[in-house]
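> Structure for the following, please:
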Amino acid sequence: MRELWTEKYRPAVIEDYVFRDEAQRKQVQSWVTEKTIPHLLFSGAPGVGKTTLAKVLLNVLDVDQYDILEINASRENSVDTIRDKITGFVQTMPFGDFKVVLLDEADYISPNGQAALRGVMEMYASTARFILTCNYPNRVIPALHSRCQGFHIEKLDQTDFTTRVATVLVTEGVEVELDVLDSYVKATYPDLRKCLNLCQMNTVDGVLQSPQEADNSTADYRLQMVDMIKSGKIREARQLLCSQVRADEMEDLFRWMYDNLELWSPTAEGEDEAILVIRKGLVNHSMVSDPEINLSATLVELAQISTT
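Below you'll find the model as predicted:
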């Protein structure tokens, strides 16, 4: 079985992790020197390296594997999980200096669950540390914010993002045309994990397939849509997107539109106009009865910018 590129190229030590903020690098290094960490809350967009930083810390601090509990809160987010699974883990003595609970996507935990988590964090503060990651820090209750040191991890700029993807492709001996790579980047930015997974799935016989060549079972509708937009097929791109996007993806889709402003206009003035269109669409999204119509109308307005 082929090793996933996301795991193969995941940094294991601090020197390999790409910090966007030098102050954050120094803070992390100080924890390593002191051989301890506080409760932590890592926030940022999907795929920017929140979980990777947490695992780098655990690796460098040499935390025993039996002292680590990993939970994906997007799947396990009930009060019962907090009360039974987490409490049952932290109430036993650690093999090392402390136990660590790594809660990925903690913003999916219900407010009642977060309140229960606060109590557990307080009760076992002497023997357990909690590392929470989230995409939306505003969905985490203030009581958890006040008990954690917050780290907001900024996304890579698109040039650095492209360089990192290209480096993996070159290391793996994959042939790719620059325009094809650009489509994969624009379809997934700023989610590096998603980009690497998509590239790996669509590499056939050492060649990264173009969006037109990619197997439908492994293709991503955003990849196909980006290719259509770049080819001037704006209406087809809109129809594809509205037919494929899930209701729970729509809010994130507006953020993706904002992260890829150059798709809508090659000029700074056009990008400014696109921001206003995207903002209006996002505001309307929470108020309209049919989000698909609102999304379609937003894409029509963005297409008008693209063609002017």
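> quick one: buried residues of the helix or strand containing R164?
Following DSSP states H and E, one finds R164 within helix 158-171. Across helix 158-171, burial judged by 16 or more other C-beta atoms under 10 Å covers Q158, F161, T162, R164, V165, A166, V168, L169. C-beta coordinates here come from the backbone N, C-alpha and C atoms, glycine included.
> Equivalent analysis for stretch 270-285, please.
Buried residues in stretch 270-285 (16+ other C-beta under 10 Å): G270, E271, E273, A274, V277, I278, G281, L282, H285.
> quick one: which of those residues is nearest E249?
Set against E249, the nearest of those by C-beta to C-beta is H285 (11.7 Å).
> That closest one and I293, how far apart?
H285 sits 11 Å away from I293 when distances are taken as C-beta to C-beta, to the nearest Å.
> What of Q200?
36 Å.
> what about those two, which has more around it?
Q200 (20 against 12; other C-beta atoms under 10 Å).
> right, and that one touches K8 too?
No: the criterion here is C-beta atoms under 8 Å, and Q200 misses it with K8 at 9.6 Å.
> for P291, what are its contacts?
If you count contacts by C-beta atoms under 8 Å, 6 or more residues apart in numbering, P291 has them with A247, M250, H285.
> Please report phi then psi for S146.
When read as degrees, to the nearest 10, the backbone of S146 gives phi -70, psi -20.
> what about it, neighbour count?
9.
> From E105, how far out is it?
Relative to E105, and taking C-beta to C-beta, S146 is found at 20 Å.
> Quick check, pLDDT for the residue positioned nearest the centre of the chain.
Against the mean C-alpha coordinate of the chain, by C-alpha atoms, centre = their mean, the closest residue is P46 at 0.8 Å. Looking at P46, its pLDDT is 90.
> so what's it up against?
Going by C-beta under 8 Å, 6+ apart, the list of residues near P46 reads N135, D191, R193, K194, D252.
> if we take these, which one ends up nearest to Q209?
K194 (16.4 Å).
> so the closest one is in which element?
helix 192-201.
> And T87, which helix or strand is it part of?
helix 87-90.
> just for the stretch 151-300 of the chain, where's the confidence low?
214-219 (pLDDT under 70).
> Where do the strands of it begin and end?
203-204, 207-208 (DSSP state E, counting those that start in this stretch).
> Give the pairing partners of the first one; include direction for each.
Meaning strand 203-204. Applying DSSP bridges to the sheet, strand 203-204 is found paired with strand 207-208 (antiparallel).
> What lies in contact with the partner strand?
Contacts of strand 207-208 (C-beta under 8 Å, 6+ apart): L169, V174, E175, V176, E177, V180, L181, Y184, C199, N202.
> at 7 Å what do you get?
L169, V174, E175, V176, V180, C199, N202 (C-beta atoms under 7 Å, 6 or more residues apart in numbering).
> now do stretch 260-271
Under C-beta under 7 Å, 6+ apart, the answer for stretch 260-271 is K186, Y189, V226, I229, E273, A274, I275, L302, I305, S306.
> buried stuff in that stretch?
Here stretch 260-271 shows N260, L261, L263, W264, S265, G270, E271 as buried, counting by 16+ other C-beta under 10 Å.
> so how far is that stretch from its chain's centroid?
23 Å (C-alpha atoms, centre = their mean, to the nearest Å).
> Output it as CSV, nothing but the C-alphas.
Extracted C-alpha coordinates of stretch 260-271, given in CSV (Å, rounded to 0.1, in the frame of the first residue of the first chain):
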residue,chain,number,x,y,z
ASN,A,260,-8.8,32.8,-4.8
LEU,A,261,-9.7,36.3,-5.8
GLU,A,262,-7.5,36.2,-8.9
LEU,A,263,-10.0,33.7,-10.4
TRP,A,264,-12.6,36.5,-10.7
SER,A,265,-10.4,39.3,-12.0
PRO,A,266,-6.8,39.9,-13.0
THR,A,267,-6.8,43.5,-11.7
ALA,A,268,-6.7,44.9,-8.1
GLU,A,269,-9.9,46.9,-8.8
GLY,A,270,-11.7,43.8,-10.0
GLU,A,271,-10.6,41.8,-6.9
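> dump the residue contacts of L132.
Contacts of L132 (C-beta under 7 Å, 6+ apart): L40, L41, L103, A106, L144, C148.
> again, only using 10 Å
39-43, 50, 54, 73, 101-107, 109, 114, 117, 121, 140, 144-145, 147-148, 150 (C-beta atoms under 10 Å, 6 or more residues apart in numbering).
> In three-state terms, how would it be classified?
Recorded secondary structure, L132: strand (DSSP: H, G, I helix; E, B strand; the rest coil).
> how close does the nearest residue to it once chain neighbours are set aside get to P38?
Spatially, and ignoring its direct neighbours in sequence, L132 is nearest to A106 (4.0 Å; C-beta to C-beta, 6 or more residues apart in numbering). In this view, A106 and P38 are 16 Å apart by C-beta to C-beta.
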